[in-house]
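Participant: coordinates only, no sequence provided:
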């Protein structure tokens, strides 16, 4: 299933607020924050795979990925909850605490911040930073751009070192035909202090190249099996390529392939870690629950 064939309808679930925090801005070790930011200015784009639990993150880390994101769809679906409906704030923070001490740089998909109050979104950012995250992804859901900019500014003030990836959904929830609207939103988010712009659903090379030239910060795109390759995106100037929910959905697809083969009397296709290999992920320990105190 292609990522660009599964654009969701805009969620209509009620807003769920998380607890506000009044502590002072949290500053993480500058070396980790600087390393993550530098990955957006390296010779090759940052290829960011997205995990949904400890095992998937450990597997990716074992493959040598220096930075790993989370996928809000994977987190929500695994719990039987809708994505993009502000239903997984606590689960997202809990996952960040589980993964934040891992041997990789962690960026957290926080939907729209799980609230409309900038101060509450800033409180969430403090929690994520305290858990060990070095980056956060905030999406606008095609809501008011000035409100989303206010959230970005609040996060920037609360946690100055947290790398803010600002997402607009003009090509994901919308049809992407109004380029001026995309640029208007991204310009507001740049001015609010976002470090990177994320435009999932944009796959046209000409429009990608033009957008890169119009931005003052790196451009992040979502990998699409039917879109440009990572090498082509690099040539166009894209500095970060996220896999989003693709790996989670491929894992579900592997389940269907395997059970279909077995039911049909065929050997199961694909590869699978052994029982002992999966057990070893739990024994490695740097991202055990409670590792951050």
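Facilitator: Arrived safely, thanks for sending. None of the values given here were measured: they were computed from a predicted structure. Residues are numbered from 1 along each chain as shown.
Participant: and the residue most central in space within the chain, how far is that from residue 220?
Facilitator: Per C-alpha atoms, centre = their mean, the C-alpha nearest to the average position across the chain is that of residue 109, at 3.8 Å. Applying C-beta to C-beta, to the nearest Å, the value for residue 109 to residue 220 is 12 Å. C-beta here means a position set from N, CA and C on the backbone, and glycine is covered the same way.
Participant: try residue 250
Facilitator: 20 Å.
Participant: out of the two, which sits in the more crowded spot?
Facilitator: residue 220 (24 against 14; other C-beta atoms under 10 Å).
Participant: which residue is the nearest non-sequential neighbour of residue 174?
Facilitator: residue 142 (6.0 Å; C-beta to C-beta, 6 or more residues apart in numbering).
Participant: same deal with residue 208?
Facilitator: In space, residue 208 is closest to residue 236, 4.8 Å off (C-beta to C-beta, 6+ apart).
Participant: now for the one you found, how many residues are close by?
Facilitator: Residue 236, neighbours per other C-beta under 10 Å, totals 19.
Participant: residue 66 too?
Facilitator: Residues near residue 66, counting by other C-beta under 10 Å: 14.
Participant: what separation do you get for it and residue 43?
Facilitator: 14 Å.
Participant: before we move on, what about residue 256?
Facilitator: Taken as C-beta to C-beta, the span from residue 256 to residue 43 is 38 Å.
Participant: and those two? which has more neighbours close in?
Facilitator: residue 256 (9 against 5).
Participant: quick check, pLDDT for that one.
Facilitator: At residue 256, the pLDDT value in this model is 97.
Participant: show the pLDDT at the residue nearest to residue 208.
Facilitator: 98.
Participant: for residue 186, same thing?
Facilitator: 98.
Participant: give me the number of residues near it?
Facilitator: 26.
Participant: also residue 171?
Facilitator: Residues near residue 171, counting by other C-beta under 10 Å: 22.
Participant: same for the helix or strand containing residue 181, what does it pack against?
Facilitator: Secondary structure from DSSP states H and E places residue 181 in helix 179-192. Judged by 3 or more C-beta pairs under 8 Å, 6 or more residues apart in numbering; DSSP states H and E, helix 179-192 is in contact with helix 145-158, strand 163-167, strand 196-198, helix 205-214.
Participant: for residue 176, give me its contacts.
Facilitator: Going by C-beta atoms under 8 Å, 6 or more residues apart in numbering, residue 176 touches 170, 182, 201, 202.
Participant: which residues are contacting the helix or strand containing residue 255?
Facilitator: Of the helices and strands defined by DSSP H and E, residue 255 is found in helix 246-263. The contact list for helix 246-263 (C-beta under 8 Å, 6+ apart) reads 1, 3, 6, 49-52, 56, 71, 73-74, 77, 223, 225, 267-270, 272.
Participant: list buried residues within those.
Facilitator: 3, 49, 50, 51, 52, 56, 71, 73, 74, 77, 223 (16 or more other C-beta atoms under 10 Å).
Participant: any chance of those residues in CSV, plus pLDDT?
Facilitator: As requested, the buried ones among the contacts of helix 246-263 are arranged in CSV below (pLDDT from 0 to 100):
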residue, pLDDT
3, 40
49, 98
50, 98
51, 98
52, 98
56, 97
71, 98
73, 98
74, 98
77, 98
223, 98
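Participant: now, which of the residues you listed lie within helices?
Facilitator: 56, 73, 74, 77 (DSSP state H).
Participant: check the spacing between the closest residue to the second one other than its chain neighbours and residue 123 real quick.
Facilitator: Meaning residue 73. Distance criterion C-beta to C-beta, 6+ apart; nearest residue to residue 73, sequence neighbours excluded, is residue 245 at 3.9 Å. Per C-beta to C-beta, residue 245 is found 26 Å from residue 123.
Participant: cool, and residue 64?
Facilitator: Taking C-beta to C-beta, one finds residue 64 at 34 Å from residue 123.
Participant: repeat that for residue 104.
Facilitator: 25 Å.
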